[in-house]
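Trainee: Sequence and predicted structure are below.
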Amino acid sequence: MPTRSSADLIVIGAGVVGAACAYYAARSGLRVTVIDRGAVAGGTTGAGEGNLLVSDKEPGPELELALLSVRLWRELAGLLPPLIEYEAKGGLVVASDEASMAALRGFAARQERAGVQAEQVTGDRLRDLEPHLAPDLAGGFRYPQDAQVQPARAAAHLLRAAAGGQGSGGVRLRLGEEVTGVLTGANGEVRGVRTARGDVRAPYVVNAAGSWGGALARLAGAGLPVLPRRGFVLVTEPLPRVVRHKVYAADYVADVASGSAGLQTSAVVEGTPSGPVLIGASRERVGFDRTLSVEALRRLAAQATRLFPVLTGVRAMRTYAGFRPYLPDHLPAIGPDPRVPGLLHACGHEGAGIGLAPATGLIIARVLSGAQLPLDIDPFRPDRFGVAG
């Protein structure tokens, strides 16, 4: 098998998480090769809405990761082109009745103690923020730290920025090239990867393969129980900016935290700079089945029009499906795998990968450079599930 040029680090996956890993690693002076069997953002990233959320997270490790990422996305927005469509629009979580509003108050109070900004909005003031909202809502909370990017463009421009610039170790991109094996040495340590086009050598490999992260981990002999969780997004015809924030009902938070394999829908509605309104989000575990679910789309449309009656007569122009990389405890796997020296993981973020990408990439780069970590990564240990390879 021919051997091609070596690197300091191989990142498997050219989605936004892999791009962030490559960006921060290259900025720390490492030579990085990014390999993907498809195109940049060709998997979960390209099917995402671009959510950068703190509003949906309970206090704990994931929220700490999200708060760090919010700060990093702001920095990146000043460095990357406007084409990534970064918008610090804020989120608005609404309650349909007083019981839901009371639950939101308790949730927001816990979040505020953890560093989240949350502003209560009474029912009679909701339409000051969103004039087209349904008039009968009990109230809600505005989260000014929530934001949005165009995920595919964000991934592409992170990779482009990683490849150049002062102090960068450089990035080589290999697309349309499937990894078929992980090369190891006499003591089981990583030596690179094997593809149909040849071996690529490096002492470190990052598993940023998203929903396919479990399969990649098995190639390396390290079990990781990543499962795909399918979701659909509806895209409307271009409209004037009828939705100003990222708006969703309170039950979305419960759906995110649920481990149910069945179909769950809770509408998240947001406008975009180009005009269409995006309507998500559904969740169900059906393997890698891309079959269109009319029931999921019907529920999303009904929930969205209950929040925004103005959308009732609006045409849905298209829909797309994606797979969120689900892990049983809803926390990603980030950092070195003690079972395979030289293997690191950056996958399993479920529906939060776009928002959590910068913090994940920074952690990977600092682990590799030996620099101080920005937070405790023990909750994200890849071997915490006790799954054999």
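Mentor: Cool, got the structure.
Trainee: Can you report how many residues lie near residue 368?
Mentor: Taking other CB atoms under 10 Å as the criterion, the count of residues near residue 368 is 20. C-beta: built from backbone N, CA, C; applies to glycine.
Trainee: er, residue 367 I mean
Mentor: Counted with other CB under 10 Å, residues neighbouring residue 367 total 18.
Trainee: tell me the pLDDT at residue 259?
Mentor: As predicted, residue 259 sits at a pLDDT of 59.
Trainee: Could you name the helices and strands sitting against the helix or strand harbouring residue 24?
Mentor: Residue 24 belongs to helix 16-27 when elements are defined using DSSP states H and E. Here helix 16-27 touches strand 9-12, strand 32-36, helix 151-163, strand 343-347, helix 353-369, going by 3 or more CB pairs under 8 Å, 6 or more residues apart in numbering; DSSP states H and E.
Trainee: let's see 6 Å
Mentor: strand 9-12, strand 32-36, helix 151-163, helix 353-369 (3 or more CB pairs under 6 Å, 6 or more residues apart in numbering; DSSP states H and E).
Trainee: Save these as CSV, and put in distance to residue 52 and mean pLDDT too.
Mentor: As requested, the helices and strands packed on helix 16-27 are exported to CSV (distance: least, CB to CB, whole Å; pLDDT from 0 to 100):
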stretch, distance to residue 52, mean pLDDT
strand 9-12, 21, 98
strand 32-36, 22, 98
helix 151-163, 10, 95
helix 353-369, 4, 98
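Trainee: Nearest to residue 82 among those would be which one?
Mentor: When the helices and strands packed on helix 16-27 are ranked by proximity to residue 82, the top entry is helix 151-163, at 9.8 Å, counting by CB to CB.
Trainee: what's the closest one in contact with?
Mentor: Surrounding helix 151-163, the residues in contact under the criterion CB atoms under 6 Å, 6 or more residues apart in numbering are 15-16, 19-20, 22-23, 26, 40-41, 45-46, 48, 50, 80-81, 83-84, 171, 354.
Trainee: what pairs with the following helix or strand past it, and is each one parallel or antiparallel?
Mentor: Downstream of helix 151-163, the next assigned helix or strand under DSSP H and E is strand 171-175. In the sheet containing strand 171-175, its partner strands are strand 32-36 (parallel), by DSSP bridges.
Trainee: what angle do the partner strand and helix 353-369 make?
Mentor: Orientation of strand 32-36 against helix 353-369 (axes from the mean of the first three to the mean of the last three CA atoms, to 10 degrees) gives an angle of 140 degrees.
Trainee: Just want the angle from strand 32-36 to helix 16-27.
Mentor: Computed by the same axes, to 10 degrees, the angle between strand 32-36 and helix 16-27 is 160 degrees.
Trainee: pLDDT at residue 256, what is it?
Mentor: In this model, residue 256 carries a pLDDT of 57.
Trainee: same thing with residue 47?
Mentor: Model confidence at residue 47, given as pLDDT, is 90.
Trainee: do you know how far the nearest residue to it once chain neighbours are set aside is from residue 94?
Mentor: If the residues on either side of it in the chain are set aside, residue 47 comes closest to residue 322, at 2.5 Å by CB to CB, 6 or more residues apart in numbering. Distance of residue 322 to residue 94, given as CB to CB, to the nearest Å: 25 Å.
Trainee: Looking only at neighbour counts, state which of those two leads.
Mentor: Legend: neighbour count by other CB under 10 Å for residue 322 and residue 94, higher for residue 94 (25 against 22).
Trainee: can you pull the contacts of that one?
Mentor: Residue 94 sits next to 137, 140, 249 when contact means CB under 6 Å, 6+ apart.
Trainee: how about a cut-off of 10 Å?
Mentor: The contact partners of residue 94, taken as CB atoms under 10 Å, 6 or more residues apart in numbering, are 100-101, 104, 121, 123, 126, 129-130, 133-134, 137-142, 247-250, 307.
Trainee: Now, those that are in strands?
Mentor: Judged by DSSP state E, the subset of the contacts of residue 94 located in strands is 121, 139, 140, 141, 142, 247, 248, 249.
Trainee: Show me what the last one is bridged to.
Mentor: Yep, that's residue 249 we're talking about. Counting by DSSP bridges, residue 249 forms beta bridges with residue 94.
Trainee: ok, now how distant is it from residue 230?
Mentor: If you go by CB to CB, the gap between residue 249 and residue 230 works out to 21 Å.
Trainee: before we move on, back to that, which among the helices and strands packed on helix 16-27 is found nearest to residue 339?
Mentor: Among those, helix 353-369 comes nearest to residue 339, with 15.6 Å by CB to CB.
Trainee: in the stretch 51-200 of the chain, which spans are helices?
Mentor: With DSSP state H, counting those that start in this stretch applied, the stretch 51-200 of the chain shows helices at 61-79, 98-113, 126-129, 151-163, listed in chain order.
Trainee: could you dump those helices to TSV with mean neighbour count?
Mentor: What follows is these, written out as TSV (neighbours: other CB atoms under 10 Å):
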stretch	mean neighbour count
helix 61-79	19
helix 98-113	15
helix 126-129	16
helix 151-163	23
